[in-house]
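Engineer: Generate a structure from the sequence data that follows.
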Amino acid sequence: MSDCFLGAQDKSRYIDSLVKDLQVHRTDKARNFAYTELSWHYRLIDIGLASAYADSSIASSRALNNQGNLWAGLNNKAIALSHLGKQKECFEYYSMALAVAEKNKFRRKEAHTLFNIGTFFRDHDDYKTAKEYILKASAIYTELKDTIKLITIYSGLGGNYGYQDSNKLALFYYTKAFDLARSINDSSEMGFAANNIGNCYYYMNDPKRAKEYYFKSIGYHERNGLTSDLASSYSNYAYMLNEDGDHEKARSFYLKALAISKKTKDKIHLIRVYQYLAEMFMSAGDYKAAYYYSDTSHMMKDSVALEQNSKAIHEMGQRFDSEKKRLEIGNLGRENELKEKQNKVQRMLLIAVGAALVISCVLGLWAYREFHQKKQANMIIEEQKRAIEEKQKELLDSIHYARRIQRCLITNEKAIDKALRRLNKS
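Structural biologist: Model prediction:
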């Protein structure tokens, strides 16, 4: 869910509901969605938590093979690392997000990442590389006919050249952004582009055109109510009026800018307007008013410095809470991993038991078959043994019988021989 569609209270309730989703027993898919959404919404609240949730989003997306959420997790991690000052790691995660988008042909996500990488290089003063990535994003958005994103791209290119003081090229792209915004009647983007065009003309030493576009930007922003962009246009236009010597009119626009900045609690812009008013009254010779606004500016600076110190102390406490929550997230992830491992072990045990039963059955059948075959073989051997024994007995009986006959014959021969010898003697 985009931040654009949520108010502060709605956003807080939405974040609370996502955290509760992680605390109750939910599906892996539901937890993955919560991790991804929380990593996005916490980027403006608690960078440490945003980074931790992004890690969980990436891990769960890979486990579920959810490529869309994997891209979002990688992109959110890169944003968190950028805020944490870890630029090398930031670029690595943007590169991984780009690879996921290209692999899955997520054209819009690919363009989004290309633009983010371009902005990354622009912020590190590598304007040539920044331009290459932003132009690649522009080609995809042109193919997709996404006018809103093209306005952002042209504004990004304008900013890229503005940082290099290439004001003519910056003017070219801001003008393209303005023309596109006008084609869809987007007053907010028209006001933003007109203000940037005014800046270009100012730095090109064309105060007349600068003043013209600052005034145009006021008209566009006034359609959208009291916003910080309107306050910026008021102060820019007032600055040009003061340059022209129209101090009274300049003062009225500065005071309008002050009123909006107070309402929006934009202290940085308040300091800027107070400084402009001090300079204006100084040049007009009203030293009392100049001193008042200068003193107010310094007091506001001290207030901002005090707030920053308090914020630093608060952030230390937040880091502690973030670390605690990060550990809770880690513990929750480990619990889920433990459950998954337990389920895996149970599945493996079931498979092992099933396999053991199958093997036991096969071995039992094989043993029974072997036993049966051996029994049959033994029976055949026993039968053959009995047959041999019977034949052996028959053979022995025949031999014994033959011997008896032989003995009888031998006995008769001796008797005859004896009888013949007696006859001879007589």
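Engineer: For R182, give me the pLDDT.
Structural biologist: pLDDT recorded at R182 is 94.
Engineer: Now it: which helix or strand?
Structural biologist: helix 167-183 (DSSP states H and E).
Engineer: which residues sit against that helix?
Structural biologist: Contacts with helix 167-183, where a contact means Cβ atoms under 8 Å, 6 or more residues apart in numbering, come from 147, 150-151, 154-155, 157-162, 189-190, 192-194, 196-197, 200-201, 203-204. Glycine gets a C-beta too; all of them are placed from N, C-alpha and C.
Engineer: Buried ones only from these, please, as a ChimeraX command.
Structural biologist: In ChimeraX, this line selects whichever of the contacts of helix 167-183 come out buried by 16 or more other Cβ atoms under 10 Å:
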select :150,151,154,155,157,158,159,160,161,162,189,190,192,193,194,196,197,200,201
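Engineer: among the contacts of helix 167-183, which are in helices?
Structural biologist: Among the contacts of helix 167-183, the members found in helices (DSSP state H) are 147, 150-151, 154-155, 157-162, 189-190, 192-194, 196-197, 200-201, 203.
Engineer: Please determine how far S61 is located from A80.
Structural biologist: Going from S61 to A80 by Cβ to Cβ, to the nearest Å gives 16 Å.
Engineer: Show me the residue at the heart of the protein, geometrically.
Structural biologist: Nearest to the mean C-alpha position of the chain, counting by Cα atoms, centre = their mean, stands G73 at 1.7 Å.
Engineer: wait, isn't it in contact with A34?
Structural biologist: No. G73 is beyond contact range of A34, at 11.9 Å (criterion: Cβ atoms under 8 Å).
Engineer: ok, now which ones touch W40?
Structural biologist: Going by Cβ under 8 Å, 6+ apart, the list of residues near W40 reads A50, A72, N76.
Engineer: Tabulate those in CSV, adding columns for neighbour count, secondary structure and distance to D229.
Structural biologist: Output for these, formatted as CSV (neighbours: other Cβ atoms under 10 Å; DSSP: H, G, I helix; E, B strand; the rest coil; distance: Cβ to Cβ, whole Å):
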residue, neighbour count, secondary structure, distance to D229
A50, 24, helix, 26
A72, 23, helix, 28
N76, 28, helix, 26
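Engineer: Specify which member of these is nearest to E248.
Structural biologist: E248 has its nearest neighbour among the contacts of W40 in A50, at 48.2 Å by Cβ to Cβ.
Engineer: got the contact list for that closest one?
Structural biologist: Applying Cβ under 8 Å, 6+ apart, the residues near A50 are L38, S39, W40, Y42, R43, N76, I79, A80.
Engineer: was I right about V100 contacting A72?
Structural biologist: No. In terms of Cβ under 8 Å, V100 does not count as a neighbour of A72; the distance is 9.5 Å.
Engineer: Show me which residues of the strand or helix carrying Y237 are buried.
Structural biologist: Using DSSP H and E, Y237 sits within helix 228-243. For helix 228-243, the neighbour count (16+ other Cβ under 10 Å) marks 228-242 as buried.
Engineer: Between the residues you listed, which sits nearest Y274?
Structural biologist: Of these, the one sitting nearest to Y274 (Cβ to Cβ) turns out to be S235, at 10.5 Å.
Engineer: how close does that closest one get to V273?
Structural biologist: 5 Å.
Engineer: what about S294, distance to I260?
Structural biologist: From S294 over to I260 the distance is 21 Å, taken as Cβ to Cβ.
Engineer: Have a look at those two and say which one is more surrounded.
Structural biologist: More neighbours surround I260 than the other of S294 and I260, with 24 against 18 (other Cβ atoms under 10 Å).
Engineer: who does the helix or strand that contains the residue nearest to the centre of the chain touch, helix- and strand-wise?
Structural biologist: Secondary-structure assignment from DSSP H and E places G73 in helix 67-83. Packing partners of helix 67-83 (3 or more Cβ pairs under 8 Å, 6 or more residues apart in numbering; DSSP states H and E): helix 28-41, helix 47-64, helix 87-103, helix 107-123.
Engineer: Include distance to M300 and mean pLDDT when you put those helices into TSV, please.
Structural biologist: Below are these laid out as TSV (distance: least, Cβ to Cβ, whole Å; pLDDT from 0 to 100):
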stretch	distance to M300	mean pLDDT
helix 28-41	31	85
helix 47-64	26	89
helix 87-103	32	94
helix 107-123	27	92
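Engineer: need those in a markdown table with distance to K131, can you?
Structural biologist: A markdown table is the format used below for those (distance: least, Cβ to Cβ, whole Å):
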| stretch | distance to K131 |
| --- | --- |
| helix 28-41 | 28 |
| helix 47-64 | 28 |
| helix 87-103 | 17 |
| helix 107-123 | 7 |
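Engineer: Of these, which is nearest K136?
Structural biologist: With respect to K136, and counting by Cβ to Cβ, the nearest of those is helix 107-123 at 4.8 Å.
Engineer: does A259 belong to a helix or a strand, and which?
Structural biologist: Assigned by DSSP H and E, A259 falls in helix 247-264.
Engineer: Hmm, I typed the wrong one, I wanted I218.
Structural biologist: Assigned by DSSP H and E, I218 falls within helix 207-222.
Engineer: what is the mean pLDDT for that helix?
Structural biologist: Helix 207-222 comes out at a mean pLDDT of 94.
Engineer: Buried ones in that helix, by neighbour count?
Structural biologist: A210, K211, E212, Y213, Y214, F215, K216, S217, I218, Y220, H221.
Engineer: Quick check: which helices or strands does it pack against?
Structural biologist: Under the contact definition 3+ Cβ pairs under 8 Å, 6+ apart, helix 207-222 sits against helix 187-203, helix 228-243.
Engineer: What residues does the residue lying closest to the residue nearest to the centre of the chain once chain neighbours are set aside make contact with?
Structural biologist: For G73, ignoring the flanking residues on the chain, the nearest one in space by Cβ to Cβ, 6 or more residues apart in numbering is S57 at 3.3 Å. Applying Cβ under 8 Å, 6+ apart, we find S57 in contact with N32, Y35, T36, S39, N69, L70, A72, G73, N76.
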